[in-house]
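**Q** Only the shape, not the letters, is given here:
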């Protein structure tokens, strides 16, 4: 009985840590919106939230998506942005968008990405990469049976 109790406590401890993993984000903090009495509770996957922010038509800057300057021109723009209003490049301004999912991607997430991009009718080509293609049985193994702070990188 004590072993079962400690195993369940470990599972809930892991779930609590996962729930706090996006606390530092401003807009993309939760995948769950509770019911307000009028509307049902909803689930919006994190990948869908990110893609909706990238391809939103009115295109406000999302504080959770950062642009890193890569060249001299970008560095000068960043420096001048302290003195005057300079718009940062938006991810949907580019003809090719790379999405790299660390830890793996499921086939249902790939389908969600395809459906979300096609629903926005964008001209941007989206290339999805990942460290592995996950099966449903992989997810509990990765969440609860491995030490995520000491990953096995196969070296």
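**A** Yep, that arrived. Remember, it's a predicted structure, so these values are computed and weren't measured experimentally.
**Q** Go ahead and list the helix or strand containing residue 122.
**A** Assigned by DSSP states H and E, residue 122 belongs to neither a helix nor a strand.
**Q** Tell me, how many residues neighbour it?
**A** 16 (other C-beta atoms under 10 Å). The C-beta positions use only the backbone N, C-alpha and C, and glycine is treated the same way.
**Q** Ok, residue 99 next?
**A** 17.
**Q** got the contact list for the helix ranked longest in the chain?
**A** Ordering each helix of the chain by length in residues (DSSP state H) puts helix 2-19 first. Contacts to helix 2-19, defined as C-beta atoms under 8 Å, 6 or more residues apart in numbering, come from residues 143, 144.
**Q** next one: the helix or strand containing residue 115 to chain centre, how far?
**A** Taking DSSP H and E as the criterion, the element that holds residue 115 is helix 107-119. A distance of 14 Å separates the centroid of the chain from that of helix 107-119, by C-alpha atoms, centre = their mean, to the nearest Å.
**Q** what mean pLDDT would you report for it?
**A** Model confidence over helix 107-119, given as mean pLDDT, is 93.
**Q** Could you give me the buried positions within whichever helix or strand comes after it?
**A** Later in the chain than helix 107-119, the nearest helix or strand by DSSP H and E is strand 125-130. Buried residues in strand 125-130, counted by 16 or more other C-beta atoms under 10 Å: 126, 128, 130.
**Q** which one in these is the model shakiest on?
**A** residue 126 (90).
**Q** In this structure it contacts residue 115, no?
**A** No - using C-beta atoms under 8 Å, residue 126 is not in contact with residue 115; the gap is 11.6 Å.
**Q** Okay, residue 138 and residue 105: tell me how far apart.
**A** 11 Å (C-beta to C-beta, to the nearest Å).
**Q** Comparing the two, which shows the higher neighbour count?
**A** residue 105 (21 against 14).
**Q** so residue 37 sits in a strand?
**A** No - read with DSSP: H, G, I helix; E, B strand; the rest coil, residue 37 is coil and lies in no strand.
**Q** any idea how far residue 142 is from it?
**A** Counting by C-beta to C-beta, the separation of residue 37 from residue 142 is 36 Å.
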